[in-house]
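Peer 1: Give me a model of this one.
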Amino acid sequence: MSDASPHGDFPPPSEGSGSGRVIAVTGSASFLGTHLIGVLEDSPRVAKIVSLDEVVPKSAGPKTRHHSIDLTHRRVEHHLSNLLASERADTVVHLAFHDNPTHRPQESHYLESVGTMQIVLACRRAEVRKFVLWSHTFLYGASPKNPCLMDEGRPLYSAVTEPFFRDKLQAEHDALEFGLPGRGRVVTILRTAPIVGSGIDGFATRFLSQPRIVTVLGFDPLWQFLHESDAVLAFKRAVDTDCPGVFNVSGGGVIPLSKVIRLVGGRSIPLTRPLAHLALRTGWALRRSPLPEAFGDYLQYSCIADVERSRRQLGFVPMFSSHEAILDFASRKNMRQVELIAEAST
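Peer 2: I've put the predicted structure just below:
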């Protein structure tokens, strides 16, 4: 695939500044934040971790200093810049994003779009050298015009009418602007495939945990997945190496949606495209569907990201393929159901 990207060709990744690093993590109480902090606690190259969330992460150890932060507060930028400067943070890992679409889009906008803008401004004022952002491969959009594999240089065509996508697109824009060449900063954006695992409560796990799953009649799109453990390790890799730009991150291979549904023990409900979109729209309005109508295209068309750059330049090789990630998710899901049945019978 082409090496074109928003930053052109990348130089070989260099190791981040040595021992004594100070890493700040937003959304530190989330699954990714909590487990990343746990890994950073064990890293001899990290001197201090700055936890930024409204809740203290369970993995906080002797290296972690927690600060209660509300990214939706209008004066958070001033507070953050002073905090990052006083803690001498050299890297900010921004994970404060919703895992799922929300029925409160204004709140999500202030957290993700406005919140990212505030964090970037704070990083400028505090002279933070490195910024790592979480994003999604679903931002490429699902379309019959998609090539088999989409590299990081492909334009993002997800539905801007859907807040879940729109706010993350704006967050990427602000992060890339912060990392424009010539400013001595490193910005790394990880666009992850849908993350699955027993600890993940995201749009993919909610969708696949339904007993009956709406699909589009006559279509069987290919999906990619990223195991929860690999997601954490990908961010650790992004922290450890100075490799600017955008990187697609996913388990190897692809898997048809119909097979995914069978593996997780669900039942496919095939509907024509108009009825499938109506079912999503109605289910979302009644709060019975985990996905709004904008996700309907992903039930019909493939959205497969090329992960070659993350392997070759970031040096990240996942432990689980997409198929293995789904198998692990399905086995843990089924085990939990057995445990619940056993508890109910006692």
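Peer 1: ok, residue 259 - how many residues close by?
Peer 2: Here the count is done by other C-beta atoms under 10 Å, and residue 259 has 14 residues near it. C-beta coordinates here come from the backbone N, C-alpha and C atoms, glycine included.
Peer 1: Work out for me the element it sits within.
Peer 2: helix 257-263 (DSSP states H and E).
Peer 1: For that helix, give the mean pLDDT please.
Peer 2: Helix 257-263 shows a mean pLDDT of 98.
Peer 1: Output it as PDB, nothing but the C-alphas.
Peer 2: What follows is helix 257-263, C-alpha atoms only, in PDB (Å, rounded to 0.1, in the frame of the first residue of the first chain):
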ATOM      1  CA  LEU A 257     -19.900 -10.400  10.200                       C
ATOM      2  CA  SER A 258     -22.000 -13.500   9.800                       C
ATOM      3  CA  LYS A 259     -19.300 -15.600  11.300                       C
ATOM      4  CA  VAL A 260     -18.700 -13.100  14.100                       C
ATOM      5  CA  ILE A 261     -22.300 -13.400  15.100                       C
ATOM      6  CA  ARG A 262     -22.200 -17.200  15.100                       C
ATOM      7  CA  LEU A 263     -19.100 -17.300  17.200                       C
END
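Peer 1: In contact with residue 35, which residues?
Peer 2: 59, 199, 228, 232 (C-beta atoms under 8 Å, 6 or more residues apart in numbering).
Peer 1: Next one: the first one from residue 175, what distance?
Peer 2: In this structure, residue 59 lies at 25 Å from residue 175, with C-beta to C-beta, to the nearest Å as the measure.
Peer 1: So for those two, which sits in the more crowded spot?
Peer 2: residue 175 (23 against 19).
Peer 1: Hmm, residue 190 and that one touching each other?
Peer 2: No: counting by C-beta atoms under 8 Å, residue 175 stays clear of residue 190, with 11.0 Å between them.
Peer 1: Overlap of the contact sets of those two?
Peer 2: residue 133.
Peer 1: By mean pLDDT, flag the weakest helix or strand of the protein.
Peer 2: Ranking every helix and strand in the chain by mean pLDDT, DSSP states H and E puts strand 14-15 at the bottom, with a mean of 56.
Peer 1: so after it, what's the next helix or strand?
Peer 2: Past strand 14-15, the next helix or strand by DSSP H and E is strand 21-26.
Peer 1: Adjacent strands (with direction) for that next one?
Peer 2: strand 46-53 (parallel), strand 91-94 (parallel) (DSSP bridges).
Peer 1: most tightly surrounded among those?
Peer 2: Ranked by mean neighbour count, those are led by strand 91-94 with a mean of 26 (mean count of other C-beta atoms under 10 Å).
Peer 1: Work out the gap between that strand and the centre of the chain.
Peer 2: Here the centre of strand 91-94 is set off from its chain's centre by 14 Å, with C-alpha atoms, centre = their mean, to the nearest Å.
Peer 1: Use 38 as the first number from now on
Peer 2: All set: I'll call the first residue 38, so the last point we hit is now strand 128-131.
Peer 1: Could you work out which of the strands paired with strand 58-63 reaches nearest to residue 297?
Peer 2: strand 128-131 (29.4 Å; C-beta to C-beta).
Peer 1: which of the residues in the helix or strand following the closest one are buried?
Peer 2: Using DSSP H and E, the next helix or strand after strand 128-131 towards the C-terminus is helix 142-146. Buried residues in helix 142-146, counting neighbours by 16 or more other C-beta atoms under 10 Å, are found at 145-146.
Peer 1: Show me what the next helix or strand after helix 142-146 is packed against.
Peer 2: Downstream of helix 142-146, the next assigned helix or strand under DSSP H and E is helix 152-163. Helix 152-163 sits against helix 113-124, strand 128-131, strand 167-173, helix 200-215, with contacts defined as 3 or more C-beta pairs under 8 Å, 6 or more residues apart in numbering; DSSP states H and E.
Peer 1: I'd like to check what contacts helix 152-163. Which residues are they?
Peer 2: 63, 108-109, 113-115, 117-119, 121-122, 126, 129, 131, 133, 165, 168, 170, 207-208, 211-212, 214-215.
Peer 1: now these: which count as buried?
Peer 2: Here, 16+ other C-beta under 10 Å leaves 63, 108-109, 113-114, 117-118, 121, 126, 129, 131, 133, 165, 168, 170, 207-208, 211-212, 215 buried among the contacts of helix 152-163.
Peer 1: Need the per-residue pLDDT for residue 372.
Peer 2: Predicted confidence (pLDDT) for residue 372: 63.
Peer 1: swap that for residue 219, sorry
Peer 2: pLDDT at residue 219 comes out at 86.
Peer 1: got it, and residue 118?
Peer 2: pLDDT, residue 118: 97.
Peer 1: How about the contacts made by it?
Peer 2: 158-163.
Peer 1: filter the residues you listed to the buried ones?
Peer 2: Those of these that meet the buried threshold are 158-160, 163, by 16+ other C-beta under 10 Å.
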